[in-house]
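S.K.: attaching a predicted model along with its sequence, questions to come.
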Amino acid sequence: MHTKCRSSVFKHRILIPAVLTGLFVLVGAMFPFLPPALTPEPVGPYLNGIFPEETPGSGSASGNWEVVNAYPNLLFADPLSIIQIPDTSGFYVTGKQGFIWQISNDTTTGTKTTVLDISSVVHTDGDAGLINMILHPEFGEAGSANRGFAYIIYRYHPQGDAIGDCDSEAYTRLSRFTRQDGQMQFDPNSELVLVQQWDPHCWHTGGAMFFDDEGYFYFAFGDIGSSNDPYHSTQQIDSFFFGGLHRIDVDQVASRSHPIRRQPKDRTHSLPENSYTQGYFVPNDNPWVNPDGSVLEEFFALGFRSPHRGYFDSTTGKIWIAEVGEGAREEINIVEKGDNLEWPYKEGSLTGPRAQPVPLIGNSKGPVYEYSHSVGTAVIGGFVYRGEKYNGALDGKFLFGDHGTRNIWSYNFNTNEVDFLANIPSGGVGDKNGISSFGTDYEGNIYVLKLYGTDLDGGLIYKLLPQMETPDPPALLSQTGAFSDLSSLTPAQGFIPYTVNSPLWSDNAVKKRWVAVPNDGVHNSPGEQVFFTEDSIWLFPPGTVLMKHFELPINENAPEITARVETRFIIIKADGSQYGLTYKWNSAGTDAVLLTTSDTATYTITQVDMTTRQQVWDFPSRTDCQTCHNANAGSVLGIHTWQLNGDFTYESTTQNQLEAWLGLGIFANPFAPAEISGFLKSAHIADTTVDLETRVRSYLDANCAHCHLPNGVNGAFDARFATPLINQNIVHGLGVSVNTSPGSLIVRPREHLQSELWIRDNILGDGAMPPLAKNLVDTTYISVLTDWINQLDDSTCYVFYLSDLEPSGTPQNGWGPYERDQSNGSTDPDDGTPLSINGTTYRKGLGVHAYSELIYDLDTAYAFFRTSIGVDDGTCDQGTVQFSIYVDNILNYQSPIMGQGDDAIDVEIDVSNKDQLKLVVTDGGDGVTCDHGNWAEARLIKVCDDGDPCTENDTYGKDCACQGTFIDHDNDGICDLNNFQLAIKVFLEGASLLPNPAEPNLMRDDLRKDGLLPATSPYSDSLETHDSVLMKTGNDAIVDWIWIELRDQNDSTVILDSTSALLQRDGDVVQTDGLSPLMYNIGKDNYYIAIKHRNHLGFMSATAMAVGVTTPTEVDFSNGSIPAFGINALNNLAGKMVMVGGDADGNGIVNAADRSEAWNYRLDLTYKKTDCSLNGATEALDRSIIWNSRNRKSQLP
């Protein structure tokens, strides 16, 4: 057993304690034996004042903008909208959990009053919850029947969050609530449900709502959810409200509108109610009005994915919708009547992910502006600003932001120009801590809402304000004084040259680096020194200037021939943040000009064979600089202990850089030179003297860790070099990006072609990593990455999270039930928040409260137990706890007393051949009762002891753990050859009819596309698959469940093994993971193989088939090579042998009863046996299949 303390990686700017500042002395005096490789050279802050202290002009008409906390004494849990109360007394603010608060105009107030609480019936997983609120235009008008009406969109279920996770069925509701005269609160019993739409998924709720000048009301719903619109919900107008912008008349004016003619459809569900609409009329001039009631006439436009916010500009009559994209583009759209916004056959201007439907509904229309995920990850729409405030700088411009980057921009429709305005400060837990919405008031003030973290009370209201314009620095690099000799690139006085062990990949460019830390010739004060940390970020004083120069080799036969490309600067501001500048070199290489926006250039590269190619170079905008040099990553990239822990040749000597900087006295908290040998040290990807793992992890740290770290992007892994590999969630880590196929692993050992890290890093364009300024693949890195992945032990880690296992006995917990994958919360089940210890969020784990005791049976099946322990960030009153771990009732580990704010402690315990694991959390003894402890990422691991693949006759526990195709069948301690795999291929007649002409050899997967295919098998074993498996597309998409039997070779009526399985479009039969061939552990032998389907006639192989163990045994019934038992047990369909369809009642005989059954369920759109064609509907085609198969029988003995 060993423990390792983890340093916090999410740190605010650190104020150095006074006791330390008193120790600021020259390190040269402390360590006089250090050789003088460097001597301090005086340089003033901001390169002697050449660069401004604030971010220079943004390009907007009025210069810079800033955000300030509009209500510094208020915090909100997930604030999602703000709207001014018409009497100007204050604002309504909505909270995702189901609250509406009222706040006053007094910006110093610390009071928010709840005026509506429906939290008990709101489901908040994903982006669901109470999404938006607007008021009727006549709200507050005396005498108006509409004076008390407010409208909200939320995800409703009678049990609220108690229903479980994202895939739990619920309803998306549009409802009206009433505030009675003289009351402050809205009456929760006044709810009038206008739209209740069955919704099986928690993402992409939508939420845009507004009134137009005619008084018509608009609301927008997104697609059902998940990736690539797997439910096919957005290109229809006759079934559901999903994927549409809808226009209704809530005032029900008969002269312009008519009553509802069609109700939304329901698919098969387990909810207590159905979908319905009521309480409004439909405008007579909506685009798809049809008196026969064949469509949902409310549709104004379709083809939306996630229309989070919308706005009607009364000056121009334009409707603006900001559309959150999938994995490639974020959109701003101007929507007109009858438009089709193209999702999912387009994402922005990019084709796909699905084919354009034929026929197409409406007018296909793309966005007026889009941006890629190198700029941001989730657009948040605002409004068109009107007015002369701010000197008219924003008049007529559409304001919007991005949730992920927290940047705010303005868009000029007339010029198609976008100006960066400001950036919301970082801070919060997890990746849901960005911008959520915009608002304004009658005075023209601009408000921006920011989240703190899912369900966490820390959200803020910011106000956008103009700053005094900060002029740009000199227009030419030569005018900055950064180089004393520009032609030779000799830096000015005060710049320290440095290099890094593992450089950032920059499309094959070579780079030089310098840093100027302000000082007067001696680094002896806080403003002249760097705060050092061994395994986290360094903190630089304000006015520090970092300079990097790029040159591009233009002749592969003579790499010393280069073109000067650009010189970049990062300047540290007084608050610890930074801004970036880029100077683009002229073609002669004599000077460089300051860029205020992004740019590109093309360079001609002579290749080894003397042919040429064109290489594009991307110059970053100032906003692009913010993407990587973000606050969470510490603003300064590259300068870390492990990166500078290496030699550099200075003018006078070669010396370790850390030692040289120590000799300068530059560190506020110096260390002894002897400690350097124990510090982390990264390595260049091409350094063959270093092991593969270190080289790959060093590369990931340099290229990925500024985003892929705790509280960073919504990524699955931690790329920081200081994080041990076992805790990085890279090997066997499950991918979570929308660009990652469900179920894919970041790294799958020995399978680089199935590793998302390798796939994404080995491509260009959309989906590529990194997403910014990458025009060349780093082939050296890919080669090393390939070697590393393919030498990993594929049998090493089998991880079982305790939150997915059941404890034995009765769990004990001191405050309500213990929680899985969330903190302890209060006394109700599932009322916790994301597990978080000192700013680091964890996906998995157990949340408990002292006294807590959880026991797990091991049954000698595991090798290690690993966890990260600590007090949850959300606990109250600074409670303290102690963690104890017992193995077979013997105390194996006990932590120190831990409190809130302490770093997590990583614990690993050997549990080989052990029977029981007991986890105990006790009170720290301080008398405080808020003792919330987290067993974060608590997991049991099965592992082969020597890491070698098992072979027959290996000794259990010495050579292997008898995994894979071997098992200790007779318990003699020796691995026996036992398991085998079957790669069965079979086709269903019904799903093979009417194939896509472009895919003639694939079955249709309509059931999956339409969301009808159940995750639970319809057969007797009720096996379950994950929803992500049912989202896969292509050849491996799932057609239906199927039943497989292995029968005795001596008596084919005896069934030795049977199981449900999944059938893919290409005929492959796979396990419930949607990938693996069927696995059996009944021993190598000969077996009859029988196959059944719920509405196709079962059949069996004509002979018992031999199975092997080294590779899956192929059993292909589709090509006729394996005969079936009986006569004509299969049909020949265009040369392919297929199972006979038409058994609509599943009794093994096709006759008139099947045809009657199909007639009884005609037009049914559910998962029924009568749907013999497997297209999602019982119709004439099914009756035709039955007729053609009449009098056929299943030929199973």
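M.R.: Thanks, I have it. Quick caveat, the model's predicted, so the values are computed rather than measured. Numbers count the residues shown, from 1 in each chain.

S.K.: now stretch 861-879 - C-alpha only, PDB.
M.R.: Below are the C-alpha coordinates for stretch 861-879, written out as PDB (Å, rounded to 0.1, in the frame of the first residue of the first chain):
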ATOM      1  CA  ALA A 861     -11.400 -11.500  -7.400                       C
ATOM      2  CA  TYR A 862      -9.400  -8.200  -7.400                       C
ATOM      3  CA  ALA A 863      -5.800  -7.100  -7.200                       C
ATOM      4  CA  PHE A 864      -6.000  -3.400  -6.100                       C
ATOM      5  CA  PHE A 865      -8.300  -0.800  -4.600                       C
ATOM      6  CA  ARG A 866      -7.700   2.800  -5.600                       C
ATOM      7  CA  THR A 867      -9.400   6.000  -4.500                       C
ATOM      8  CA  SER A 868      -8.800   9.800  -3.900                       C
ATOM      9  CA  ILE A 869     -10.100  10.900  -0.500                       C
ATOM     10  CA  GLY A 870     -11.000  14.300   0.900                       C
ATOM     11  CA  VAL A 871     -13.700  16.600   2.200                       C
ATOM     12  CA  ASP A 872     -16.300  17.700  -0.400                       C
ATOM     13  CA  ASP A 873     -16.100  21.300  -1.400                       C
ATOM     14  CA  GLY A 874     -19.800  21.700  -0.900                       C
ATOM     15  CA  THR A 875     -19.800  20.800   2.800                       C
ATOM     16  CA  CYS A 876     -20.800  23.400   5.400                       C
ATOM     17  CA  ASP A 877     -19.100  24.800   8.500                       C
ATOM     18  CA  GLN A 878     -15.700  23.500   7.800                       C
ATOM     19  CA  GLY A 879     -16.300  20.000   9.000                       C
END
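
S.K.: for it, buried residues please.
M.R.: For stretch 861-879, burial by neighbour count (16 or more other CB atoms under 10 Å) applies to 861-875, 879. Bear in mind the C-beta positions are built from the backbone N, C-alpha and C, glycine included.

S.K.: and of these, the nearest to Q159?
M.R.: G874 (23.1 Å; CB to CB).

S.K.: looks to me like that closest one is in a helix.
M.R.: No - G874: not assigned to a helix; according to DSSP: H, G, I helix; E, B strand; the rest coil it is coil.

S.K.: got the phi/psi numbers for it?
M.R.: Dihedral pair for G874: phi -90, psi 0, per degrees, to the nearest 10.

S.K.: isn't it right up against L456?
M.R.: Yes - using CB atoms under 8 Å, G874 is in contact with L456, at 6.8 Å.

S.K.: quick check: neighbours shared by the two?
M.R.: T833 (CB atoms under 8 Å, 6 or more residues apart in numbering).

S.K.: the longest strand seen in the chain pairs with which strands?
M.R.: In the chain, with assignment by DSSP state E, the single longest strand is strand 187-199. Strand 187-199 pairs in its sheet with strand 170-178 (antiparallel), strand 276-277 (antiparallel), by DSSP bridges.

S.K.: determine the three-state secondary structure at N703.
M.R.: Under the three-state scheme (three-state DSSP), N703 adopts helix.

S.K.: tell me how far it lies from N1095.
M.R.: 52 Å (CB to CB, to the nearest Å).

S.K.: neighbour count: those two, which is higher?
M.R.: Using other CB atoms under 10 Å as the criterion, N703 and N1095 rank with N1095 on top: 29 against 25.

S.K.: report the separation between the closest residue to the more buried one other than its chain neighbours and A145.
M.R.: Of all residues beyond its chain neighbours, the one nearest N1095 is K1169 (4.5 Å), with distances taken as CB to CB, 6 or more residues apart in numbering. To A145, K1169 is 52 Å away according to CB to CB.

S.K.: got it, and C625?
M.R.: Applying CB to CB to C625 and A145 gives a distance of 54 Å.

S.K.: all good on my end, thank you.
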